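Peer 1: Quick check, what structure comes out for this input:
(2 chains)
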Amino acid sequence: MKTLRDAHVGETLKVVSLTGAGPVKRRIMDMGITKGIELYVRKVAPLGDPIELTVRGYELTLRKVDAEMINVE
Amino acid sequence: MSIKIALAGNPNSGKTTMFNTLTGSNQQVGNWPGVTVDKKEGILKGHPDVIIQDLPGIYSLSPYSLEEVVTREYLVKEKPDAILNIVDGTNIERNLYLTTQLLELGIPVVVAVNMIDVVRKKGDSLDLEQLSKAFKCPFLETSALEGEGGLEAAELAVTLAEEKKPIRVPAVFSGSLEHAVAHIEEEIEDVVEHKFLRWYALKLFERDIKVQEELNLSEETLEHINKHIIECEEELEDDAESIVINQRYEYITALTAKAVKKHSLEQDSTSNKIDNIVTNRILALPIFALIMFLVYYISISTVGDFLTEWTNETLFGEIISPNLQEWLENMAVSDWLVGLIIDGIVAGVGAVIGFVPQMLVLFCMLAILEDIGYMARVAFIMDKLFRKLGLSGKSFIPLLVASGCGVPGVMASRTVEQERDRRMTIMTTCFIPCSAKMPMIGLFSGAIFNNSGLVATSAYFVGIGAVIVSGIILKKTKLFAGDPAPFVMELPQYHMPIATNILKTTMERGISFIKKAGTIILVSSIVLWFLQAFGYVDGSLEMVDEADESILAVIGNTIAPLFYPLGFGTWQATVATFTGLIAKENVVGTFGVLYGFAEVAEDGEEIWSNLAKDFTFLSAYSFLIFNLLCAPCFAAMGAIKREMNNAKWTWIALGYMTGFAYVCAFIFYQLGSFVTGGEFDMFTALASIAVAGMLYLLFRAPYNGEKQVG
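Peer 2: Next up is the predicted model:
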């Protein structure tokens, strides 16, 4: 299964499921990344991490380690 | 009886502007008990009996973040009469997610759809009537920036608070979830207040740890509850927490699909266009460097430094002190009182006030960076570099500022949101050599190191090294253990700075420095003045002229052996270290006085030969290491106390710095002596053990103890 970590800049992806648990997962979901939602990978930070996404019409940034918790297609 | 209206909403929803519009200058700033989150309240304009309580900006009511817990505690325990929920109209989906949670608290809610001017400008339209019907609470259009609708929304909240009608909740959840919640409600209806029943039941369904602890339910009840949760989880094939979040968002998505009409077809906003340049992979770092340079240049090098210099040298040095002294002497006030007033109190007040102008300039710059939305990008750009040290990307600014002065450096740590990262930032910021440490470095490089420029350069490496080593060591200790705060952060839209917000933030931070840090600086200055000016002569306490007769000299002599293993166990060096606590540049002057010179140049050229006799290469550098890293000046300690807002953490920070400084100087001096041909003695052995200990702390696995529940 492809995770958000493997995504390339400029791709638009659909969230299939979320793995993991605890505060990070809760936070990711609280910020609106839930099953079925579309994500647009806008850019990667100059040092290669974190990444910036457009989700539900706003800009969100998260680290690649955490992006691994998000399965996409 | 007064009415309390709580102001709740997402960060960047324009809540601060709204709060300022609603309350004007009628505000009080404090802290939530025990945490460093600001607590602001004010009186609603034209309604002396209505208190507006500003709550921290939050995205959810989860039990994980400090701000969220503070908000929950307030809403459930203090029970405000109504909630005014500020929602960003341009980002309504995510903002309404919090609204669905606020509505479950059994408190009347008014939703202010803010930034409506921007929504209109984009040509979008929001059907508030439809939203209002679905959420079963009033929705109003507001624009805090243009002063539209805010007061009406607050007044409507007051009306709802007075009406005390029963609250109806929107039908957010599906049948099976509602079914489980109803069962949980039954289990706990005797334990919790009726109007909070639904909130507690939902939190128990989410397996919220805080609520589980708080209610202290019996094993049997918990088991029953768990059975209902598992039933629902099995039916919906997901974990309870996710079920709730998913259903909230599904509800909102379905609703906004009907109620929100977007005119703009996926055209990139101005903000995104700016961001494409500002955080561009190639340009981001140069632009970042340029902005940081400007912040430093304006707040530390030029405007700030000029103002500080003027306050210290002209205002206090030439105007207040001499005139006051003359006046006191004309009044025939006794010598010790003149000394107390001039050298103790005025100098102490000067030490506080002297920092204020510079600090205000810096706070103003930081407030602008925060307000326009760049601060979040700082974290975005620097995160990768700093996370390994347990610091936030935003820690860069405090560290940078500290190379000018540690006091504003520590105060700048306020922009770091996570309490853990902030504490770590405060503890490491003062390791960076500030400008007041430069004369001391100049003195030793002149006296011992043949005026080599390498000494000053190496001081920065020592400072940066100390930050890195400490970051890694501290991150792994029990103190900083626990789940790391997730770095899942909104990058807000850029917007023009709002002058009133920036001025308010700047003044608030300035005043809080004077109040909280000022006291400790003043008291410590007076105490140290007393120890320096008085001594026992022939068995009676009196003012002494010779520095070596003072109480401080006696203390210096007593403590000096402690510094023997570091190579500088003389009472002069000890006393100089102490006076360095008032201000680090005092170290040079103190050495001057102790070697019998009334006045010395900034780099202490007159006493180079004296120092050269008392210090070797090793002991001089060891002295520098210790004084660069140990507890900072009183002003910085005051700032640390202010920012930690907690006595225990202040002592931990100061203790850690001093201990770390001692160990580093010890290792350096002892191993240095051995390498340069000294004998292997007990101290060499101890130093080797210290190195081993340090390596262990650096490379061990992070603390991962069992978390105690309850």
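
Peer 1: going forward, measure contacts between C-alpha atoms and count neighbours the same way
Peer 2: Noted.

Peer 1: which residues are in contact with stretch B:45-60?
Peer 2: Contacts with stretch B:45-60, where a contact means Cα atoms under 8 Å, 6 or more residues apart in numbering or on different chains, come from A:30-31, B:1-12, B:15, B:19, B:22-24, B:37-44, B:67-68, B:70-71, B:95, B:97-98, B:101, B:158.

Peer 1: So which of the residues you listed are in helices?
Peer 2: Taking DSSP state H, the ones among the contacts of stretch B:45-60 that sit in helices are A:30, B:15, B:19, B:22-23, B:67-68, B:70-71, B:95, B:97-98, B:101, B:158.

Peer 1: Looking at these, which is nearest B:Met292?
Peer 2: Proximity of the ones in helices among the contacts of stretch B:45-60 to B:Met292 (Cα to Cα) peaks at B:Lys15, which lies at 27.5 Å.

Peer 1: Please tell me how far A:Leu39 sits from A:Val55.
Peer 2: 5 Å (Cα to Cα, to the nearest Å).

Peer 1: Who are the packing partners of the helix or strand hosting B:Trp649?
Peer 2: Per DSSP states H and E, B:Trp649 falls inside helix B:647-675. For helix B:647-675, the elements it packs on are helix B:419-429, helix B:617-629, helix B:634-644, helix B:682-699, judged by 3 or more Cα pairs under 8 Å, 6 or more residues apart in numbering or on different chains; DSSP states H and E.

Peer 1: hang on, isn't B:Ala412 packed against B:Ile397?
Peer 2: Yes: counting by Cα atoms under 8 Å, B:Ala412 touches B:Ile397, with 7.0 Å between them.

Peer 1: Below-threshold pLDDT in the stretch 201-350 of chain B: ranges please.
Peer 2: Low-confidence segments of the stretch 201-350 of chain B, defined by pLDDT under 70, span residues B:264-267.

Peer 1: Flag every residue of it that's near chain A.
Peer 2: B:Glu241, B:Ser242, B:Ile245, B:Asn246, B:Tyr249, B:Thr279, B:Asn280, B:Arg281, B:Ile282, B:Ala284, B:Leu285 (Cα under 8 Å from any Cα of the partner chain).

Peer 1: give me that answer again for 10 Å
Peer 2: Within reach of chain A by Cα under 10 Å from any Cα of the partner chain, the stretch 201-350 of chain B has these residues: B:239, B:241-242, B:245-250, B:253, B:266, B:272, B:276, B:279-285.

Peer 1: What remains of these if I keep only buried residues?
Peer 2: Buried members of those, scored by 16 or more other Cα atoms under 10 Å in any protein chain shown, are B:239, B:241-242, B:245-250, B:253, B:279-281, B:284-285.

Peer 1: Out of those, list just those in helices.
Peer 2: Using DSSP H, these in helices are B:Glu241, B:Ser242, B:Ile245, B:Asn246, B:Gln247, B:Arg248, B:Tyr249, B:Glu250, B:Thr253, B:Ala284, B:Leu285.

Peer 1: residue contacts, the fifth one?
Peer 2: Contacts for B:Gln247 were tallied using Cα atoms under 10 Å, 6 or more residues apart in numbering or on different chains; they are A:Thr34, B:Val172, B:Phe173, B:Ser174, B:Leu177, B:Thr253.

Peer 1: Check the gap between it and B:Phe173 for me.
Peer 2: Noted for B:Gln247: a distance of 6 Å to B:Phe173, by Cα to Cα.

Peer 1: cool, and the third one?
Peer 2: Going from B:Ile245 to B:Phe173 by Cα to Cα gives 10 Å.

Peer 1: Name the residues contacting each of these two.
Peer 2: Common neighbours of B:Ile245 and B:Phe173 (Cα under 10 Å, 6+ apart) are B:Tyr251.

Peer 1: separation between B:Val488 and B:Ser334?
Peer 2: The value you get for B:Val488 to B:Ser334, if Cα to Cα is used, is 63 Å.

Peer 1: okay, those two: which has more neighbours?
Peer 2: With neighbours defined as other Cα atoms under 10 Å in any protein chain shown, B:Val488 and B:Ser334 compare such that B:Val488 has more, 20 against 10.

Peer 1: Now for the closest residue to B:Arg700 other than its chain neighbours, how many residues are close by?
Peer 2: Spatial nearest neighbour of B:Arg700, excluding adjacent residues (Cα to Cα, 6 or more residues apart in numbering or on different chains): B:Lys476 at 7.8 Å. Other residues near B:Lys476 come to 22 when the count uses other Cα under 10 Å.

Peer 1: Just list the residues touching B:Lys476, thanks.
Peer 2: The neighbours of B:Lys476, taking Cα under 10 Å, 6+ apart as the test, are B:Leu389, B:Gly390, B:Ser470, B:Gly482, B:Leu697, B:Leu698, B:Phe699, B:Arg700, B:Ala701, B:Pro702, B:Tyr703, B:Asn704.

Peer 1: Show me which of those is closest to chain A.
Peer 2: B:Gly482 (11.0 Å; Cα to the nearest Cα).

Peer 1: Now do the closest one, the pLDDT please.
Peer 2: Per-residue confidence (pLDDT) for B:Gly482: 66.

Peer 1: And the nearest residue to B:Ala573 once chain neighbours are set aside, how far from B:Phe680?
Peer 2: Sequence neighbours aside, B:Phe591 is the residue nearest to B:Ala573 in space, at 7.5 Å (criterion: Cα to Cα, 6+ apart). Per Cα to Cα, B:Phe591 is found 32 Å from B:Phe680.

Peer 1: what does B:Ser550 give?
Peer 2: 38 Å.

Peer 1: follow-up on the earlier one: how about CSV for the ones in helices among the contacts of stretch B:45-60, with distance to B:Asn330, neighbour count and pLDDT added?
Peer 2: Listed next are these as CSV, based on distance: Cα to Cα, whole Å; neighbours: other Cα atoms under 10 Å in any protein chain shown; pLDDT from 0 to 100:
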residue, distance to B:Asn330, neighbour count, pLDDT
A:Asp30, 70, 23, 95
B:Lys15, 56, 24, 91
B:Phe19, 53, 23, 93
B:Leu22, 53, 23, 93
B:Thr23, 50, 20, 92
B:Glu67, 57, 26, 83
B:Glu68, 60, 19, 87
B:Val70, 57, 19, 88
B:Thr71, 59, 21, 91
B:Asn95, 68, 26, 96
B:Tyr97, 71, 23, 97
B:Leu98, 68, 21, 97
B:Gln101, 70, 15, 95
B:Val158, 62, 22, 95
